[in-house]
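# Show me how the following folds:
(one chain, ligands or ions: 1)
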Amino acid sequence: MNITFPLICCLSGIIGLIVGLKWPRKLPTFSDKGKIAFLTGFRYLLSNEPDRAIEAFTKAVQLDTDTVETYVALGNLFRDKGEIERAIRIRQSIMTRPHLDRQIRLQALYDLAIDYKKGGFIDRAIDAFKEVIRQDPQRVDAYLELASLYQEIKDWEAAFKCIKELAAITKDNYSLMLAHFKTEMGKVSQREDLGKAEKLYKEAIKINKRCVDAYLHLGDLYLAKKNVKKALDIWLEVIKNASDYAFLVYRRIEEHLDKLKAEEALKKLIKYLEKMKRCDLWSCLILARYYHRKGDFFMAKRYLKEALTEAPQYTSARQFLAQILLEEGETQAALEEIKKLAKTSTLERTFQCSQCGYEAHRLSWKCPQCGNWDTIKPKAA
Ligand SMILES: [Zn+2]
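Residues are numbered from 1 along each chain as shown. Here you go, the predicted structure:
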C-alpha cells in the first residue's frame, strides 16, 4: 500500500472533525507500519466500523507509542462505545506524558471531563471542566458543558454564575438562559420564602422580558398571596407579549375564574381578549365562562360557537355549550350537542422544538433532546 503524506494531511483534517480532536499544526511522526495502521483505523472510522477502527488504532499505538493523536482517537472511540473506564485510562496516560504540547494536554483534560460526564461521575466532571476553564478562560465549550452539568444536578445558582461569566467573556446574549435559571431558583425558594421567590422572579423578568415561566410563577405566587389583581395583571403581560404561550395563562384563569374576585383586573383582561383581532380557541372559552358567570348566556354561546366552528373537536367548549343549553331549558339542542360530543375526540395540544424537531405532548421550557431553552412551541391546533 502506497500512502502519501498529502493524503495524511487531507485525512487528518476530516478525521480531526470526526473524532472531536483539535489537530496539531505539526503532524505526528509515524513509522511506515504505524502509518498504515493509523490510516486503516481512520478508514474504518469513516466507514462507521468502530470495532475494526479500535483494532487498527490499538495496533498503531503498539507500533508508535509516542503518537498522541492515535491515543486520542482511541479514547474517543472507547467513549462512543460506552467503554468509559478504558477511555478514562487513555486520557490519563496522555496527560502524564512529559513535554506534551499544552493544547493537547488541555484537550485531553477536556476529553476526560466528557468521559466523566458520560460515565455519570458528575463531581469529577465538574472539577475537570473547572480546571479546563482555569487553564483557558476562553473555552466556551467547557463553560457550556459545566453549566449543563449544574442544570442536571439542579444547582441553578452555580449554573447562573457559570453562564454569567461566559456572557461576560464572549459578550454573547445568554439572557434567556439566565432568566430561566433565576426562575428555577425562585421555584426552589417559593417552598419556604415567598418574598425571596418574588424577588427572584422579578429579577428573571428584568434579565429577559420574554421568560414566560417567570411571569407564570410570579402570577401563581400573587394568587397564593390572594393578590388576584396583581396575578391577572402579570398574566395579561404573557397574553400581550408571548401569545404562543397564552394558553398557559388561559388554563390558569379558567381554573380560578370563579374564585377571582378582582372585577376591575378581570374586566381589563376580558377587554383585551375581545379586542384581539381573532380570538384563539382557548381565549374563547375564558370569554364564554366570563359572560356565563355574569348571566349573559347569549354572549357565552357566541364565543363557544366561534371556537367550535374553528375546532369542532374542542370537547371542553362543546360540553360547556351543552351545559348552557340545559340551563336555558333547551333540552333538545343540548342533546344534539351531546351527540356530537360522543363522535369527537379531545382536542389535544402538541408541541415541537424549533431547533431539533423534538415532538411532545407536554410543554418543557428546556428541550430534552437538544437542551435549548424556550425552543419548544405549541403546534397549531
Ligand atoms: Zn430541541
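# now K377, what's its secondary structure?
Following DSSP: H, G, I helix; E, B strand; the rest coil, the label given to K377 is strand.
# Relative to the ion, how far out is it?
11 Å (C-beta to the ion, to the nearest Å). Any C-beta I mention is one placed from the backbone N, CA and C, and that applies to glycine too.
# and what of T40?
Per C-beta to the ion, T40 is found 37 Å from the ion.
# Can you report phi and psi for that residue?
Note on T40: backbone dihedrals following degrees, to the nearest 10 are phi -60, psi -40.
# Then G219?
Backbone torsions of G219, given as degrees, to the nearest 10, read phi -60, psi -50.
# buried sites along the helix or strand harbouring A125?
Taking DSSP states H and E as the criterion, A125 maps to helix 122-135. For helix 122-135, burial by neighbour count (16 or more other C-beta atoms under 10 Å) applies to R124, A125, I126, A128, F129, E131, V132, I133.
# any chance of the residues you listed in CSV, with distance to the ion and pLDDT too?
Below are the buried residues of helix 122-135 laid out as CSV (distance: C-beta to the ion, whole Å; pLDDT from 0 to 100):
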residue, distance to the ion, pLDDT
R124, 28, 95
A125, 23, 96
I126, 24, 97
A128, 27, 96
F129, 23, 97
E131, 30, 96
V132, 26, 96
I133, 26, 96
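# For the stretch 1-150 of the chain, give me the ranges with low pLDDT.
Applying pLDDT under 70 to the stretch 1-150 of the chain flags residues 1-30, 61-66.
# Can you name the residues of the stretch 251-381 of the chain that neighbour the ion?
Counting by C-beta under 5 Å from the ion, the stretch 251-381 of the chain comes close to the ion at C353, Q355, C356, Y358, C367, Q369, C370.
# just checking, the third one touches C370?
Yes: with contacts defined as C-beta atoms under 8 Å, C356 counts as touching C370 at a distance of 3.9 Å.
# okay, the closest residue to L223 other than its chain neighbours: pLDDT?
Nearest residue to L223 in three dimensions, chain neighbours excluded: A231, at 4.4 Å (C-beta to C-beta, 6 or more residues apart in numbering). On pLDDT, A231 comes in at 89.
# Relative to the ion, how far out is A231?
For A231 relative to the ion (C-beta to the ion), the value is 31 Å.
# And for A158?
The gap separating A158 from the ion is 24 Å, by C-beta to the ion.
# helix/strand/coil for that residue?
helix.
# circling back to that earlier point, tell me if I am right that the residue nearest to L223 is in a strand.
No: membership of A231 in a strand is not supported by three-state DSSP, which gives helix.
# Make 898 the starting number, not 1.
Renumbered: residue one is now 898, and that last one reads A1128.
# Help me confirm that it comes into contact with D1117.
Yes: assessed by C-beta under 8 Å, A1128 is found in contact with D1117 at 7.4 Å.
# Compare the two (neighbour count), which wins?
A1128 (25 against 19; other C-beta atoms under 10 Å).
# Please list all residues in contact with that one.
The neighbours of A1128, taking C-beta atoms under 8 Å, 6 or more residues apart in numbering as the test, are G1116, D1117, Y1119, L1120.
# So which of these wins on neighbours?
In the contacts of A1128, the most neighbours by other C-beta under 10 Å go to G1116, 26 neighbours.
# quick one on the thing from earlier: what helices or strands is the next helix or strand after the helix holding A1022 leaning on?
Beyond helix 1019-1032 in the direction of the C-terminus, DSSP H and E gives the next helix or strand as helix 1037-1049. Here helix 1037-1049 touches helix 999-1016, helix 1019-1032, helix 1053-1067, going by 3 or more C-beta pairs under 8 Å, 6 or more residues apart in numbering; DSSP states H and E.
# buried residues in the first one?
Using 16+ other C-beta under 10 Å as the burial criterion, the residues of helix 999-1016 that qualify are 1001-1014, 1016.
# ok, so of those residues, who is nearest S1045?
S1045 has its nearest neighbour among the buried residues of helix 999-1016 in K1014, at 8.4 Å by C-beta to C-beta.
# Roughly how far does that closest one sit from V969?
17 Å (C-beta to C-beta, to the nearest Å).
# Likewise for F1194?
74 Å.
# Kindly report the same for V1037.
Distance, V1037 to V969, by C-beta to C-beta: 20 Å.
# Which one's more surrounded, the two?
Using other C-beta under 10 Å as the criterion, V1037 and V969 rank with V969 on top: 24 against 12.
# Phi, psi for that one please.
Per degrees, to the nearest 10, the backbone of V969 is at phi -60, psi -50.
# most remote residue from the protein's center?
G1226 (50.0 Å; C-alpha atoms, centre = their mean).
# State the helix or strand in which L971 lies.
Going by DSSP H and E, L971 is part of helix 965-977.
# Return the list of helices and strands in contact with the next helix or strand after that helix.
Note on helix 965-977: by DSSP H and E, the next helix or strand toward the C-terminus is helix 981-992. Here helix 981-992 is seen to pack against helix 965-977, helix 999-1016 when contacts are counted using 3+ C-beta pairs under 8 Å, 6+ apart.
# All good on my end, thank you.
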